[in-house]
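**Student:** Could you work out the structure for the sequence below:
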Amino acid sequence: MGSVVVDLSMSLDGFIAGSGDGPSSPLGRGGEALFRWMSAGPEENRVESRLSPPDASKAVVDEWMTEGGAIISGRRTFDIAGGWKDGHPVDVPIFVVTHEAPTSGQWSPRVSFVTDGLDHALELAQEAAGDRTVAISGASPAQQLLRAGKLDEIQVSLVPVLLGGGVRLLEHFGDEPVQLEQVRVVESEGVTHLRYRVVR
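**Tutor:** Model prediction:
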């Protein structure tokens, strides 16, 4: 069974989206800075129409493509992303946790809605992924899995910007300290990739 990993770009002050994020402003105020590195590299590094990372970041992006097996998302992220109707950059099954599946609109054919909780979504994602990684997209499901002891690794692509507000990744995970083991640091152009294993 593959690892369960949250892997998101984050500002230096801990936000994965700027304030006021929503369908009309998917990344919030200033949030576009978090994703700039993904297309800041030379054309020969292009791995997908939206992804041409800097040289040092290419190994990280290549991992998304070769090791990714499934994605778990919350409903809010699904709505803000427009259902990935034009396709997610990482072409794997996406399991969206929601109280009620939408009955109209457009979304990627790779999306499945899970209405009976995050635990079931994780079971389905792990079954779909096999030995590959299950990536957690969104703060709330990542925090829930961390609280439940079901998150294996945290990777943040740390961007040199202070957003001052927005959606925080690392909060609401309980009162007990969580020990992490640093497994990788990749310094790159406009971003530093930090990867940690959750110690249980």
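**Student:** could you say which helix or strand contains residue 79?
**Tutor:** Per DSSP states H and E: residue 79 is located in helix 75-80.
**Student:** Pull the number of nearby residues for the closest residue to residue 22 other than its chain neighbours.
**Tutor:** Closest residue in space to residue 22, ignoring its immediate chain neighbours: residue 80 at 6.3 Å, by CB to CB, 6 or more residues apart in numbering. Placement of C-beta: from N, CA and C, glycine included. Residues lying near residue 80 (other CB atoms under 10 Å) number 21.
**Student:** Next: residue 61.
**Tutor:** Applying other CB under 10 Å, I find that residue 61 has 24 neighbouring residues.
**Student:** Now do the same contact list for it.
**Tutor:** By CB atoms under 8 Å, 6 or more residues apart in numbering, residue 61 lies in contact with 38, 47, 51, 53.
**Student:** On the three-state scheme, the closest residue to it other than its chain neighbours is what?
**Tutor:** Among residues not flanking residue 61 along the chain, residue 53 sits closest, at 4.7 Å (CB to CB, 6+ apart). Look at residue 53: counting by DSSP: H, G, I helix; E, B strand; the rest coil, its state is coil.
**Student:** I'd guessed residue 53 sits against residue 37; true?
**Tutor:** Yes: using CB atoms under 8 Å, residue 53 makes contact with residue 37 at a distance of 6.6 Å.
**Student:** Overlap in contacts, those two.
**Tutor:** In contact with both residue 53 and residue 37: residue 188, using CB under 8 Å, 6+ apart.
**Student:** which of these two has more neighbours?
**Tutor:** Higher neighbour count among residue 53 and residue 37: residue 53, with 26 against 23, using other CB under 10 Å.
**Student:** ok, that one to residue 113 distance?
**Tutor:** 31 Å (CB to CB, to the nearest Å).
**Student:** what's the answer for residue 17, then?
**Tutor:** With CB to CB as the criterion, residue 17 and residue 113 are 22 Å apart.
**Student:** for the lowest-mean-pLDDT helix or strand in the chain, the distance to its chain's centre please.
**Tutor:** Lowest on mean pLDDT, DSSP states H and E among the helices and strands of the chain sits helix 75-80, with a mean of 93. Between the centre of helix 75-80 and the centre of its chain there are 12 Å (CA atoms, centre = their mean, to the nearest Å).
**Student:** Export only the CA atoms of the helix or strand that it is followed by, formatted as PDB.
**Tutor:** Sequence-wise, the next helix or strand downstream of helix 75-80 (DSSP H and E) is strand 94-97. Taking Å, rounded to 0.1, in the frame of the first residue of the first chain, the C-alpha atoms of strand 94-97 are listed here in PDB:
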ATOM      1  CA  ILE A  94     -10.000  11.800  -7.700                       C
ATOM      2  CA  PHE A  95     -12.200  11.000  -4.700                       C
ATOM      3  CA  VAL A  96     -14.200  14.000  -3.500                       C
ATOM      4  CA  VAL A  97     -15.600  13.900   0.000                       C
END
